[in-house]
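Engineer: sequence and predicted structure below; questions after.
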Amino acid sequence: MRLCINIDHVATLRQARREEEPDPVLAAGICELAGADGIVCHLREDRRHIIDRDVRLLKETVKTKLDLEMAATDEMVKIACEIKPYMVTLVPEKRQELTTEGGLDLHAMEMKVSSAIDKLKAEGIKVSVFIEPQPESIDMALEVGSDMIEIHTGKYALIEVYDERILELDKISQTAKIAKELGLGVNAGHGLNYLNIITIANMLDIDEVSIGHSIIARAVFTGLHTAVKEMVEIIRRARQ
Ligand code: PXP
């Protein structure tokens with residue numbers, strides 16, 4: 001299973017002072033040296049953390065692969081088509097939210113998402129759509145022309161009641177299995193940490209996870225290199 005690190009919160013810290021440190025571009029290099037398989041950043045409409053300059057420099061410096069998370073808006077599609085990251089993950093975006101709150105409603109956004117995907121794919125960019133763990137969403141992901149899905153694990157991460165957690169895990173593994181059978185790449189992310197990653201890492205149909213907050217939070221105490229290495233090691237052991 002590949003581990004991609006979301007470096008948005010390095011930029012959150014920088015933007016708290018609107019100065020130059022800490023630089024998410026430098027953070028990306030440290031993550032790669034520590035064993036990350038990819039770097040993820042979310043360019044939001046309000047530029048609250050990652051800014052355009054970061055995406056441009058990351059495209060030049062990331063040696064593994066760059067996943068640009070973004071909304072399916074004309075502005076973002078134009079930027080992505082210019083910068084050409086390895087891949088784009090399309091997410092819903094609300095100005096008021098603290099973080100992405102759930103998967104895309106592909107029924108409601110079919111036209112917008114499929115038009116964005118057409119333009120991105122025409123530039124050679126691979127595309128993933130962030131969806132809820134519902135097998136029904138897979139048909140829509142295929143319909144809009146996505147190469148991959150990213151399954152939202154945020155609910156699983158927050159559920160405290162054991163039975164409900166098992167049900168949510170079942171939905172995640174069913175969704176992953178069906179998507180895999182239909183030839184889609186399968187990623188997962190949101191809310192994953194050093195404990196709840198183990199069950200997800202045991203799901204062999206999931207190719208890749210995208211993790212940000214828990215790793216950057218741990219890095220405040222241990223340093224980024226150690227925080228990434230520890231997650232790499234947990235995933236490696238879970239997959240053995
Ligand atoms: N995947 C998606 C689609 C996201 O929006 C985010 C948060 O930016 C993540 C993964 C990473 O979530 P977390 O920061 O909770 O690890």
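Structural biologist: Sure thing, it's come through. Residues are numbered from 1 along each chain as shown.

Engineer: any idea which helix or strand carries the spatially most central residue of the chain?
Structural biologist: For the chain, the residue lying nearest the average C-alpha position, counting by Cα atoms, centre = their mean, turns out to be Ser210 (4.3 Å). Secondary structure assignment for Ser210, by DSSP states H and E: strand 208-211.

Engineer: only C-alpha atoms, please: export that strand in CSV.
Structural biologist: Coordinates of the C-alpha atoms in strand 208-211 are reproduced here as CSV (Å, rounded to 0.1, in the frame of the first residue of the first chain):
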residue,chain,number,x,y,z
GLU,A,208,-3.0,4.0,-1.5
VAL,A,209,-3.8,6.1,1.5
SER,A,210,-3.6,9.9,1.8
ILE,A,211,-2.8,11.1,5.3
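
Engineer: sorry, back to before: distance of the residue nearest to the centre of the chain from the ligand?
Structural biologist: 4 Å (Cβ to the nearest ligand atom, to the nearest Å). For the C-beta atoms, the positions are set from N, CA and C on the backbone; glycine is no exception.

Engineer: strands paired with the strand holding Ser210, and their directions?
Structural biologist: strand 2-6 (parallel), strand 185-189 (parallel) (DSSP bridges).

Engineer: with mean neighbour count added, can I get those strands in TSV?
Structural biologist: Compiled in TSV, the strands paired with strand 208-211 are given as follows (neighbours: other Cβ atoms under 10 Å):
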stretch	mean neighbour count
strand 2-6	24
strand 185-189	24
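
Engineer: which stretch among the ones you listed comes nearest the ligand?
Structural biologist: Nearest to the ligand among those is strand 185-189 (3.1 Å), distances taken as Cβ to the nearest ligand atom.

Engineer: having no further points to raise, I will conclude here.
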